[in-house]
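In: Have a look; sequence and predicted model below, questions after that.
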Amino acid sequence: RIVDEIMRELAASESPVAVVEAAELTALISACYARGRHDKRHPPPHADNFPHIIYPGTKWCGTGNVAEGLEDLGSLREVDACCRDHDLCPDDLEPGQTRHNITNESPFTMTHCDCNESFRDCLRGVGTGEAKEVGSAYFSTGLFQCYRLAKPVKGCKQWAGLLTQACQEYEFEEEGEPRWQVFDMKAFE
């Protein structure tokens, strides 16, 4: 299994950084996420407890970061700057944290939807193949969610996702006060 192979390589390596293909990163994130979902008795593990898996040429794109400071970017500077800015989103929920009556049950930080849209716009603006791969790994897997204040959700109009199904278009109640809710992210296009 690809995840077991990656984990064996990481355990044997002396480097805190592993260079993996986008598909391998997506598979590993999926496995880690699934582990966090299965045991509801304990809070989800924080992503810092997993090996840092960073997209090649970046220091901020992946699980955590390996940068030595805010200005420390990899050779893919524009893509890395997008990831850094997203990582520094001021409104986020760490694993197990509750705010706005929302608890993050994922092993990864959940950010406000506005931060995710800024991240999407930044990657689109870079427009390279690497930016598209990073965007797809984050947005198109169906594994990550965001939160925001919105009218109550009535249902989902359209589903999609590479690893799990994620709502791509929501239907909202006409009436009702806005409330804090969790949303799936639209696939990266």
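Out: Received it, and whenever you're ready, just let me know what you need. Predicted model only: the values in this text are computed from it and were never measured.

In: can you map out the strands along this structure?
Out: Ranges of strands within the chain are 92-93, 98-99, 102-103, 110-112, 145-150, 153-160, 166-172, 179-184, based on DSSP state E.

In: I'd like those strands as CSV, with mean pLDDT appended.
Out: As requested, those are exported to CSV (pLDDT from 0 to 100):
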stretch, mean pLDDT
strand 92-93, 96
strand 98-99, 96
strand 102-103, 97
strand 110-112, 97
strand 145-150, 97
strand 153-160, 94
strand 166-172, 95
strand 179-184, 97
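
In: Just tell me which of the ones you listed ends up closest to Ile54.
Out: Closest to Ile54 of these is strand 110-112 (Cβ to Cβ; 18.3 Å). (Each C-beta comes from the backbone N, C-alpha and C, glycine too.)

In: And for that closest one, what's in contact with it?
Out: Strand 110-112 has contacts (Cβ atoms under 8 Å, 6 or more residues apart in numbering) with 86, 89, 91-93, 102, 104, 144-148, 182.

In: on that earlier part again, please dump the strands of the chain into a markdown table; it should also carry mean neighbour count and distance to Cys122 for every row.
Out: Listed next are the strands of the chain as a markdown table, based on neighbours: other Cβ atoms under 10 Å; distance: least, Cβ to Cβ, whole Å:
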| stretch | mean neighbour count | distance to Cys122 |
| --- | --- | --- |
| strand 92-93 | 20 | 17 |
| strand 98-99 | 12 | 24 |
| strand 102-103 | 16 | 25 |
| strand 110-112 | 22 | 13 |
| strand 145-150 | 18 | 15 |
| strand 153-160 | 12 | 22 |
| strand 166-172 | 16 | 21 |
| strand 179-184 | 17 | 19 |
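
In: Looking at these, spot the one closest to Cys61.
Out: Nearest to Cys61, of all these, is strand 110-112, at 14.5 Å by Cβ to Cβ.

In: All good on my end, thank you.
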